[in-house]
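**Student:** here is a sequence with its predicted model. Questions after.
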Amino acid sequence: SMKLYEASVKDLLIPARPPQTTVYDVELVQCIVKRFVMQGRSGWDIDSYEKNEKGDISLVFGRGSWLNVGGLVDAYLAEIASDPNLPISSFVELSRLIPESARPIHDGLYRAIDIFLKEHPHLTKAEKKQICALMDVKKLTVDTSLHAAQNDRLPLRVVVQVLYFEQIRATSGTLTSHNTSSSTQSKEEEEWDQRTLRNSKSMRRQMDEMMIHEAEEVHKTVKMM
């Protein structure tokens, strides 16, 4: 596990053995990743160095190593996500082992989640919510956000969050661009800014209404039980 950052996805695709029902031995990979995280947590967030037996300076659990492991785990999740026998608990547990700082971009995680949702169409609403909660829409790149905004496999709430954040990002980028350029704006530019801000507020209202609607559904379900 000390050399996990040097591994490839193929290295982790170890066939499972009975009584395991999954294609690959996910439990073994979980143990390897968990050991790596436990061994390196004390030096997390800094590029730590130490001398090896030959006296050479080598990077040990530096930021680059953590980023490699974060990308490796996301790529591995994408590989195993298509396994119909993979329980959602295994997917969630493995994903959560990675520290936030080792996953600055969530594109890889989004891809793995999308594959899992596609190959497990009978997930309950609660299960979809659980797996999508692993992802931070604010850490998606623009291209991935555009894909997510049109992805009907995602819960409606997640899609709205993606659209809302993209609206904020677009507004912020426009205002920043205007501040660093000329201080005078044309009438058309001012109207566009006002329209963008109104759309942002409208998106926020939609999110609030959706949260109220979900709360009402839960309340009705509880009353029927």
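**Tutor:** Happy to help now that I have it.
**Student:** give the burial count for Gly40, as a bare number.
**Tutor:** 22 (other Cβ atoms under 10 Å). Every residue, glycine included, has its C-beta placed from N, CA and C.
**Student:** hang on, it packs against Asn68?
**Tutor:** No: taking contacts as Cβ atoms under 8 Å, Gly40 lies outside contact range of Asn68: 11.9 Å.
**Student:** what comes up buried for stretch 81-88?
**Tutor:** Ala81, Asp83, Leu86 (16 or more other Cβ atoms under 10 Å).
**Student:** just after the helix or strand of the chain with the lowest mean pLDDT, pick out the following helix or strand.
**Tutor:** When the helices and strands of the chain are scored by mean pLDDT, DSSP states H and E, strand 57-59 comes last with a mean of 36. Using DSSP states H and E, the helix or strand that follows strand 57-59 in sequence is helix 63-80.
**Student:** just the residues contacting that next one, thanks.
**Tutor:** 4-9, 12-13, 22-24, 26, 29, 33, 36, 40, 44-47, 59, 86, 91, 94-95, 97-99, 101-104, 108-109, 111-112, 115-116 (Cβ atoms under 8 Å, 6 or more residues apart in numbering).
**Student:** state the mean pLDDT of it.
**Tutor:** Averaged across helix 63-80, pLDDT comes to 95.
**Student:** rounded mean pLDDT for the helix or strand following it, please.
**Tutor:** Once helix 63-80 ends, the next helix or strand along the chain (criterion: DSSP H and E) is helix 88-96. On average, the pLDDT along helix 88-96 is 98.
**Student:** could I get the full set of strands for the chain?
**Tutor:** 49-51, 57-59 (DSSP state E).
**Student:** so Phe165 makes contact with Val137?
**Tutor:** Yes: at 5.4 Å, Phe165 counts as touching Val137 under the criterion of Cβ under 8 Å.
**Student:** how much space separates Val160 from Thr171?
**Tutor:** Between Val160 and Thr171 the distance is 16 Å, computed by Cβ to Cβ, to the nearest Å.
**Student:** now do Gln130
**Tutor:** Separation of Gln130 from Thr171 (Cβ to Cβ): 31 Å.
**Student:** tell me where this protein has helices.
**Tutor:** Taking DSSP state H, the helices of the chain run over residues 9-12, 26-40, 63-80, 88-96, 107-119, 125-132, 142-149, 156-180, 187-224.
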